[in-house]
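1. the following block contains a protein sequence and its predicted model.
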Amino acid sequence: MASKRYALPDRKRCVSCGACAGECPRNALSIWRGCYAVVDKTACVGCGICQRTCPANCIVLIPREDPQ
Ligand code: SF4
Ligand code: SF4
(Lines give C-alpha, C1' and ligand atoms only; values in the text may rest on other atoms or scores of the structure.)
(Ligands and ions follow the chains in the order given, each with its own letter.)
Protein backbone atom coordinates (compact mmCIF):
# COMPACT_ATOMS: atom_id res chain seq x y z
CA MET A 1 0.00 0.00 0.00
CA ALA A 2 2.78 2.44 0.82
CA SER A 3 4.17 4.38 -2.09
CA LYS A 4 7.24 6.55 -2.28
CA ARG A 5 5.42 9.49 -3.76
CA TYR A 6 2.02 11.07 -3.73
CA ALA A 7 0.32 13.55 -6.02
CA LEU A 8 0.00 17.17 -5.00
CA PRO A 9 -2.17 19.48 -7.14
CA ASP A 10 -1.27 23.17 -7.14
CA ARG A 11 -4.57 24.71 -6.10
CA LYS A 12 -3.62 28.13 -7.47
CA ARG A 13 -3.12 26.80 -10.98
CA CYS A 14 -5.86 24.17 -10.97
CA VAL A 15 -8.74 25.00 -13.33
CA SER A 16 -11.16 22.58 -11.64
CA CYS A 17 -11.69 20.51 -14.78
CA GLY A 18 -11.94 17.24 -12.87
CA ALA A 19 -9.84 15.28 -15.37
CA CYS A 20 -7.47 14.05 -12.67
CA ALA A 21 -10.30 12.85 -10.45
CA GLY A 22 -11.85 11.03 -13.40
CA GLU A 23 -8.65 9.17 -14.23
CA CYS A 24 -7.32 8.28 -10.79
CA PRO A 25 -7.56 4.50 -10.31
CA ARG A 26 -7.70 4.99 -6.54
CA ASN A 27 -10.33 7.72 -6.41
CA ALA A 28 -7.80 9.74 -4.47
CA LEU A 29 -8.64 13.07 -6.06
CA SER A 30 -11.67 15.25 -5.61
CA ILE A 31 -12.57 18.84 -6.42
CA TRP A 32 -12.97 20.71 -3.17
CA ARG A 33 -16.25 22.61 -3.28
CA GLY A 34 -15.84 22.92 -7.03
CA CYS A 35 -12.77 25.09 -6.54
CA TYR A 36 -9.61 23.01 -6.89
CA ALA A 37 -8.31 19.48 -6.77
CA VAL A 38 -7.31 17.95 -3.47
CA VAL A 39 -5.66 14.59 -2.88
CA ASP A 40 -6.25 11.93 -0.28
CA LYS A 41 -2.64 11.08 0.53
CA THR A 42 -3.58 7.80 2.14
CA ALA A 43 -5.34 6.59 -1.02
CA CYS A 44 -2.81 7.86 -3.59
CA VAL A 45 -0.32 5.27 -4.84
CA GLY A 46 1.86 7.70 -6.79
CA CYS A 47 1.14 6.23 -10.21
CA GLY A 48 1.36 9.62 -11.94
CA ILE A 49 -1.70 9.16 -14.16
CA CYS A 50 -3.24 12.36 -12.85
CA GLN A 51 -0.04 14.27 -13.52
CA ARG A 52 -0.05 13.14 -17.14
CA THR A 53 -3.75 13.89 -17.45
CA CYS A 54 -3.84 17.40 -16.04
CA PRO A 55 -4.27 19.99 -18.84
CA ALA A 56 -2.95 22.72 -16.56
CA ASN A 57 0.15 20.66 -15.77
CA CYS A 58 -0.27 21.58 -12.14
CA ILE A 59 0.17 18.24 -10.38
CA VAL A 60 3.54 17.26 -8.98
CA LEU A 61 4.60 14.02 -7.32
CA ILE A 62 6.08 14.64 -3.91
CA PRO A 63 8.38 12.27 -2.02
CA ARG A 64 6.45 10.72 0.83
CA GLU A 65 8.27 11.61 4.00
CA ASP A 66 5.44 12.14 6.45
CA PRO A 67 7.74 13.54 9.14
CA GLN A 68 4.96 14.52 11.54
S1 SF4 B 1 -0.74 9.60 -8.58
FE2 SF4 B 1 -2.19 8.00 -9.26
S3 SF4 B 1 -3.18 7.30 -7.37
FE4 SF4 B 1 -2.21 9.26 -6.90
S5 SF4 B 1 -3.82 10.78 -7.16
FE6 SF4 B 1 -2.66 10.63 -9.11
S7 SF4 B 1 -3.79 9.13 -10.37
FE8 SF4 B 1 -4.47 8.91 -8.22
S1 SF4 C 1 -6.68 17.81 -13.96
FE2 SF4 C 1 -5.42 19.52 -13.20
S3 SF4 C 1 -6.61 21.35 -13.64
FE4 SF4 C 1 -8.00 19.61 -13.78
S5 SF4 C 1 -8.95 19.42 -11.73
FE6 SF4 C 1 -7.13 18.09 -11.78
S7 SF4 C 1 -5.44 19.33 -10.95
FE8 SF4 C 1 -7.11 20.73 -11.54
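-> Now that the structure is in, tell me what you want to look at. Being a predicted model, the structure only gives us computed values, none of them experimental. Residues are numbered from 1 along each chain as shown. Ligands and ions are numbered 1, 2, ... in the order given.
2. near ligand 2, which residues of this structure show up?
-> Applying CB under 6 Å from any ligand atom, one finds that the chain approaches ligand 2 through 9, 14-20, 31, 37, 53-54, 56, 58-59. From N, CA and C alone the C-beta is placed, and that goes for glycine too.
3. next step: the residues you listed restricted to helices.
-> Among these, DSSP state H puts 19-20, 53 in helices.
4. sort out which one of these lies nearest ligand 1 for me.
-> Distance to ligand 1, by CB to the nearest ligand atom, is smallest for residue 20 among those, at 6.4 Å.
5. export the ones in helices among the residues of the chain next to ligand 2 as CSV, with columns for neighbour count.
-> Below are those laid out as CSV (neighbours: other CB atoms under 10 Å):
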residue, neighbour count
19, 16
20, 26
53, 16
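6. which stretches of the protein form strands?
-> Assigned strands in the chain, in chain order: 5-9, 29-32, 36-39, 59-63 (criterion: DSSP state E).
7. about what we covered before: just put the ones in helices among the residues of the chain next to ligand 2 in JSON lines and tack on pLDDT.
-> As requested, those are arranged in JSON lines below (pLDDT from 0 to 100):
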{"residue": "19", "pLDDT": "98"}
{"residue": "20", "pLDDT": "98"}
{"residue": "53", "pLDDT": "98"}
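8. dump those into a markdown table; add distance to residue 44 as well.
-> Formatted as a markdown table, these follow (distance: CB to CB, whole Å):
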| residue | distance to residue 44 |
| --- | --- |
| 19 | 16 |
| 20 | 11 |
| 53 | 14 |
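9. and those residues, which is closest to residue 42?
-> When those are compared for distance to residue 42 (CB to CB), residue 20 comes out closest, at 16.9 Å.
10. please tell me how far the closest residue to the closest one other than its chain neighbours sits from residue 64.
-> Of all residues not flanking residue 20 in the chain, residue 50 sits nearest, at 3.8 Å (CB to CB, 6 or more residues apart in numbering). As judged by CB to CB, to the nearest Å, residue 50 and residue 64 stand 16 Å apart.
11. then residue 29?
-> Residue 29 sits 16 Å away from residue 64, going by CB to CB.
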